[in-house]
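K.L.:
any chance you could fold what I've pasted below:
(chains A and B)
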Amino acid sequence: MRMVRDFIVKSFSVSVLFAAIASTNAAADGLVISNWDGYMAADALHNFKETTGIESEMVNHATNEEIMGKLIASKGKGYDVVFVSSPFAEVLHQLGLAAEIDHSKIPNLANLYPEANKLPHDPGNTFSVPYTWGTTGLCYREDLVSQTPDSWNDLLKPSAELDGKITMLSTDRWLLAAGFLANGYSVNETDSKKLEQVKDDLIEAKKHLLAYDDTTFYAKLVSGEASLVHAWDGWCNYGIAESTDIKYVVPKEGTDLWVDTMVVMKSSKNIDAAYTFINYLLDAKNHSWAVENILYKVPNKAAMEIVDPSYAIQYPNLAMSPSELTSYEELRDVGKSQRAYSRAVSEIKASQ
Amino acid sequence: MNFKNKMSSVLIAPAFLWLIALMVVPCVMILVLGFFQRGIYGGIEYNFTLENFQLVFDSLYAGIFLSSARIAGTATIIAVFIGYFAAYAIATSPKKWQPTLLFFAVLPFWSNYLIRTYAWIVLLNREGLLVGFSKWLGIDGGIPSILYTESAVILGLVYNYLPFVILSCYAPLARMNPDFREASTDLGASNFTTFRRITLPLSVPGIAAGAVFVFVLSIGNFITPALLGGGRFQMIGNVIYAQFLTANDWPLGAALSMVLIGIMMILLMIQASAAQRSIGQKNKEQLDG
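P.N.:
Okay, here's the model as predicted:
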């Protein structure tokens, strides 16, 4: 789910295409880990070496699609552990690129909440290990709205005071999910009639939007350019960190559960070292870094318990219980329908 | 082969190899990619198909091509209009000031394109400097913000590519033999007639070069519509970007890029032949003279 932190990185990642076409082969010795920039502690790999003696190297990707392009082109060669969102982990599994996880080699899996072992995309964590999880919802300026938003329709059919003061996520899955949820459909809906209807709803909703924004929506909220934005909970926290008027709500129709996961590549020549690395990150102290620094929830019970309680007070969504979180429908791979999704989004964006 | 020829082929080799390796080969790869199928999970299935090129001409993508051309065309007309008169003003100003004025015209190029574009967001947004300034002047509620509208996209394109027009129009204007204009005036033409019948026709190659630059760079642009259009306006560059980097539909992205490159090549060829013709005309004039 985690997108680019920075549009600049995204814009220039075009050069990545070159690398992908030539199918990158990173260093042969030591672990090669691909992750989003800033998604784990800057000194994590250094400390990992100090603790275990294993060398590792970090490669960054800006989006899921970017690392998927590389992995599909190289059949996974050159990478040992990759961080991807759960629908992409499913694809790696279906393509036979993901290794089967040997639980006996990762004792810290015991730190995870029982709910984190029953995720619909991979019950029993057989090919992926959850790293962070959360929801998508409405992030708003309490002082700029006269009525507390509580429905996806507040976003799609806004009141007059919100006209032109709303942003929506632009990534296919979440943009469509807002429309699916407003209609009471599944976030993984593949029925073409329902998709068509949701597309029309979103074209109508576009007339009231300030912008589509995946990367700076919380800043627009802080500056007051926008009053209500479609946001991932962790990113709304970045706004809350700057203004106490900013609040997050999961709409009454429900939301999606997004999960970012760690996947070990089947082609890895250091598979045991890869398990050791995942085990290291699942250590309560190491995993709690993500909560305290990037303000995301982690599926690690031991880690959540050692986080200073002041975090959950300042960022109430961090306190959401795992059972509530997993009551929402997880985003799944939609296979062949992905092309229809992309096209629907292109039509929405091209509409005037 | 004599020494001079050998020398020139040695000197041209690096540039030639550069072009082959980084221009011709990638373009051929993209072209070939356009004829394959997309795998279900992205990736490429090596089965021949014309489907991607057919899709380019379907109403959705053809429509985006047309609206991109309309936006790029509007930006081109505005940039040529402003740029030509700026170049004319520079070329007719005192000689000693011309280098300084040109320096200021290209100064924005010294900073990064993204930073220049972000600067417009700071200026134009609802809580930004322009709206704030108009409120300070006492306009009730301030002037409406144009950020995230088509006007903002056109403004960004004009602003970023204007220096190209100024430079390309300045060259023929500065080089123009003043005798032509004097002769025209001596023969009784008004200033406007002299401009219309002498100056303007002689600066056509510069205008054409500047216009093609602005149009070609604008129609393929994806950063300006993404930032100043707030993602609400899709130009063909954004669609291609999305096919490669988010939809993972490389074959469709490749087909769209090839059609775009084709349009650009045709425009550049027209411009080159216009320039060629005017050089031919000039030589003929010199011979006649």
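
K.L.:
what is the burial count for residue B:58?
P.N.:
Number of residues near residue B:58 (other C-beta atoms under 10 Å in any protein chain shown) recorded here: 10. (Glycine included, C-beta is placed from N, CA and C.)

K.L.:
now do the phi/psi pair for it.
P.N.:
Backbone geometry at residue B:58, expressed as degrees, to the nearest 10, gives phi -80, psi 160.

K.L.:
from residue B:93, how far off is it?
P.N.:
52 Å (C-beta to C-beta, to the nearest Å).

K.L.:
ok, now which ones touch the closest residue to residue A:267 other than its chain neighbours?
P.N.:
For residue A:267, ignoring the flanking residues on the chain, the nearest one in space by C-beta to C-beta, 6 or more residues apart in numbering or on different chains is residue A:76 at 4.4 Å. Contact analysis of residue A:76 by C-beta atoms under 8 Å, 6 or more residues apart in numbering or on different chains lists A:92, A:97, A:265, A:266, A:267, A:268.

K.L.:
how would you label residue A:76: helix, strand or coil?
P.N.:
The three-state label given to residue A:76 by DSSP: H, G, I helix; E, B strand; the rest coil is coil.

K.L.:
pull up the per-residue confidence for it.
P.N.:
Looking at residue A:76, its pLDDT is 93.

K.L.:
just residue A:142 next, same as before
P.N.:
96.

K.L.:
was I right to think it contacts residue A:249?
P.N.:
No - counting by C-beta atoms under 8 Å, residue A:142 does not reach residue A:249; the two are 10.3 Å apart.

K.L.:
and the gap between the residue nearest to residue A:267 and chain B?
P.N.:
Applying C-beta to the nearest C-beta, to the nearest Å, the value for residue A:76 to chain B is 12 Å.

K.L.:
just how off-centre is the helix or strand harbouring residue B:272 within its chain?
P.N.:
Assigned by DSSP states H and E, residue B:272 belongs to helix B:250-288. From the chain centre to the centre of helix B:250-288 is a distance of 13 Å (C-alpha atoms, centre = their mean, to the nearest Å).

K.L.:
also stretch B:113-130?
P.N.:
With C-alpha atoms, centre = their mean, you get 22 Å for stretch B:113-130.

K.L.:
what of stretch B:73-82?
P.N.:
Per C-alpha atoms, centre = their mean, the centroid offset for stretch B:73-82 relative to its chain is 10 Å.

K.L.:
quick one: buried residues of that stretch?
P.N.:
Of all the residues in stretch B:73-82, those buried under the rule 16 or more other C-beta atoms under 10 Å in any protein chain shown are B:73, B:74, B:75, B:76, B:78, B:79, B:80.

K.L.:
quick check, the last one in a strand?
P.N.:
This means residue B:80. No - applying three-state DSSP, one finds residue B:80 to be helix, outside a strand.

K.L.:
my guess is it contacts residue B:207. True?
P.N.:
Yes - under the criterion of C-beta under 8 Å, residue B:80 makes contact with residue B:207 at 6.0 Å.

K.L.:
dump the residue contacts of residue 246.
P.N.:
Went with chain A since none was named. By C-beta under 8 Å, 6+ apart, residue A:246 lies in contact with A:139, A:140, A:141, A:142, A:218, A:221, A:222, A:236, A:239, A:240.

K.L.:
that's the other chain; I wanted chain B
P.N.:
Per C-beta under 8 Å, 6+ apart, neighbours of residue B:246: A:63, A:65, A:171, A:172, A:342.

K.L.:
among those, who's most crowded?
P.N.:
When neighbours are counted by other C-beta under 10 Å, residue A:63 leads the contacts of residue B:246 with 23 neighbours.

K.L.:
please enumerate the strands of chain B.
P.N.:
Using DSSP state E, the strands assigned to chain B run over residues B:37-38, B:44-45.

K.L.:
go on, the stretch 151-300 of chain A?
P.N.:
A:166-168, A:209-212, A:228-232, A:246-249, A:256-264 (DSSP state E, counting those that start in this stretch).

K.L.:
any chance of CSV for those, columns mean pLDDT and distance to residue B:141?
P.N.:
Putting those into CSV (pLDDT from 0 to 100; distance: least, C-beta to C-beta, whole Å) gives the following:
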stretch, mean pLDDT, distance to residue B:141
strand A:166-168, 96, 19
strand A:209-212, 94, 17
strand A:228-232, 97, 20
strand A:246-249, 97, 24
strand A:256-264, 97, 38
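
K.L.:
model confidence for residue B:284, exactly?
P.N.:
Listed pLDDT for residue B:284 reads 63.

K.L.:
return the residues of the stretch 51-200 of chain A in contact with chain B.
P.N.:
A:63, A:65-66, A:68-69, A:72-73, A:91, A:94-95, A:167, A:170-172 (C-beta under 8 Å from any C-beta of the partner chain).

K.L.:
ok, back up a step: as a markdown table, the buried residues of stretch B:73-82 with pLDDT would be great.
P.N.:
Listed next are the buried residues of stretch B:73-82 as a markdown table, based on pLDDT from 0 to 100:
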| residue | pLDDT |
| --- | --- |
| B:73 | 97 |
| B:74 | 97 |
| B:75 | 97 |
| B:76 | 97 |
| B:78 | 98 |
| B:79 | 97 |
| B:80 | 97 |
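
K.L.:
with respect to chain A, which of these is nearest?
P.N.:
Nearest to chain A out of those is residue B:74 (C-beta to the nearest C-beta; 15.0 Å).

K.L.:
next, the contact list for the closest one, please.
P.N.:
Applying C-beta under 8 Å, 6+ apart, the residues contacting residue B:74 are residue B:154.

K.L.:
okay, and which of the residues of the stretch 51-200 of chain A next to chain B map to helices?
P.N.:
Among those, the ones falling in helices (DSSP state H) are A:65, A:66, A:68, A:69, A:72, A:73, A:91, A:94, A:172.

K.L.:
and those, which is closest to residue A:189?
P.N.:
Nearest to residue A:189, judged by C-beta to C-beta, of these is residue A:172 at 12.9 Å.

K.L.:
how about the residue in the stretch 1-150 of chain A that chain B sits nearest to, nearest residue that isn't a chain neighbour?
P.N.:
Chain B sits closest to residue A:72 of the stretch 1-150 of chain A, with a gap of 4.1 Å, by C-beta to the nearest C-beta. Spatially, and ignoring its direct neighbours in sequence, residue A:72 is nearest to residue B:43 (4.1 Å; C-beta to C-beta, 6+ apart).

K.L.:
so what does the one you found have for phi and psi?
P.N.:
phi 70, psi -180.

K.L.:
in CSV: the buried residues of stretch B:73-82, plus distance to residue B:64.
P.N.:
Below are these laid out as CSV (distance: C-beta to C-beta, whole Å):
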residue, distance to residue B:64
B:73, 15
B:74, 16
B:75, 16
B:76, 18
B:78, 21
B:79, 22
B:80, 24
